[in-house]
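Undergrad: Kindly return the folded structure for what I paste below:
(one chain, ligands or ions: 1)
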Amino acid sequence: MGYPIKGFNPHTFIDCEGKLACVIYLSGCNFRCPYCHSKALVCESDNELGKVPFEQIELFLQEKEGWIYAVVIGGGEPTLYAQLPALLNDLKRNGLFVKIDTNGTNPQMLRHIIKEKLVDYVAMDVKAPLEPEKYHKASGSNIDLSLIKESIDIIMHSGIEYEFRTTVVPTLLDSADIVKIARLLRGAEKYVLQQFSPKDTLDISFMQVKPYTADELKKMRSLVKEFVKNCFVRGE
Ligand code: SF4
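TA: Numbering: from 1, shown residues only. You can find the predicted model right below:
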């Protein structure tokens, strides 16, 4: 099957809470977050897609049966692809725990893959409070924000494991914005504040932005505790 797989990381311990996982990267994204580190995937032109044959990955997974706990589908934005359910189905057939990373712009696809039990864990980025100007600045796009809200609702009522996460980039977000996002996620099981890294960013001017300190991020975490059940800082 010609899935648009651009990259494959056979071993990672950081994407699935310390459990051994591999990562499949699908290229292309409908966002242009200025702080994105996946320029090659996001800006890939169509004729360069499909560099890693799925058969190769499937063979690897069969050889490592019992060792690899999970497969993470990242990108880019995986929900852009109509073939995503077929890819997830092929992975579930191999008995794997499947996690998907998404920017939440395709609630219809999310609803479908959750309903069909093709995914075990969803990690969704919430880039900014749902305010057009702020979301535009953080995502580099003019997305309909009702799609983001719809995805949040679907995930929170899905019954599967999930997390929402925000990369906390100075110049784009401050602590008041983080509180607004946490209010939006009221009652969520897990909210992750991700440290921003000023390396190899899509917009090169962001390489000059100084990240918040670990203490500043911890203070933000303390501000959102009342809204979500668990809040973590990642990449301090
Ligand atoms: S949603 Fe943003 S950070 Fe994620 S891959 Fe697309 S451009 Fe990069």
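
Undergrad: need the residues of this structure near the ligand, please.
TA: Within the chain, the residues that sit near the ligand (CB under 6 Å from any ligand atom) are 29, 31-33, 36, 38, 42, 75-77, 103. (Glycine included, C-beta is placed from N, CA and C.)

Undergrad: and the residues you listed as a markdown table, adding pLDDT?
TA: Below are those laid out as a markdown table (pLDDT from 0 to 100):
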| residue | pLDDT |
| --- | --- |
| 29 | 94 |
| 31 | 97 |
| 32 | 96 |
| 33 | 97 |
| 36 | 96 |
| 38 | 89 |
| 42 | 88 |
| 75 | 83 |
| 76 | 88 |
| 77 | 95 |
| 103 | 98 |
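
Undergrad: Now the buried members of those residues.
TA: Among the residues of the chain next to the ligand, those scoring as buried are 29, 31, 33, 36, 38, 42, 75-77, 103 (criterion: 16 or more other CB atoms under 10 Å).

Undergrad: Compile those into TSV and extend it with columns for secondary structure.
TA: Shown next, in TSV, are these (DSSP: H, G, I helix; E, B strand; the rest coil):
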residue	secondary structure
29	coil
31	coil
33	coil
36	coil
38	coil
42	helix
75	coil
76	coil
77	coil
103	coil
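
Undergrad: low-scoring stretches of this structure, by residue?
TA: 1, 16, 44-50, 236 (pLDDT under 70).

Undergrad: could you pull out the strands for it?
TA: 5-12, 21-26, 70-74, 97-102, 121-125, 161-168, 191-195, 231-234 (DSSP state E).

Undergrad: List the strands paired with the shortest one, with their directions.
TA: I take that to be strand 231-234. Strand 231-234 sits in its sheet next to strand 191-195 (parallel), going by DSSP bridges.

Undergrad: Tell me what angle the partner strand forms with strand 121-125.
TA: 50 degrees (axes from the mean of the first three to the mean of the last three CA atoms, to 10 degrees).

Undergrad: I'd say residue 87 and residue 4 touch.
TA: No. Using CB atoms under 8 Å, residue 87 is not in contact with residue 4; the gap is 9.3 Å.

Undergrad: and the spatially most central residue of the chain, bridged to which residues?
TA: The centroid of the chain falls nearest to residue 101 when counting by CA atoms, centre = their mean (3.2 Å). Taking DSSP bridges, one obtains residue 123 as the residues bridged to residue 101.

Undergrad: Is it in contact with residue 74, as I believe?
TA: Yes. If you go by CB under 8 Å, residue 101 and residue 74 touch, sitting 4.4 Å apart.
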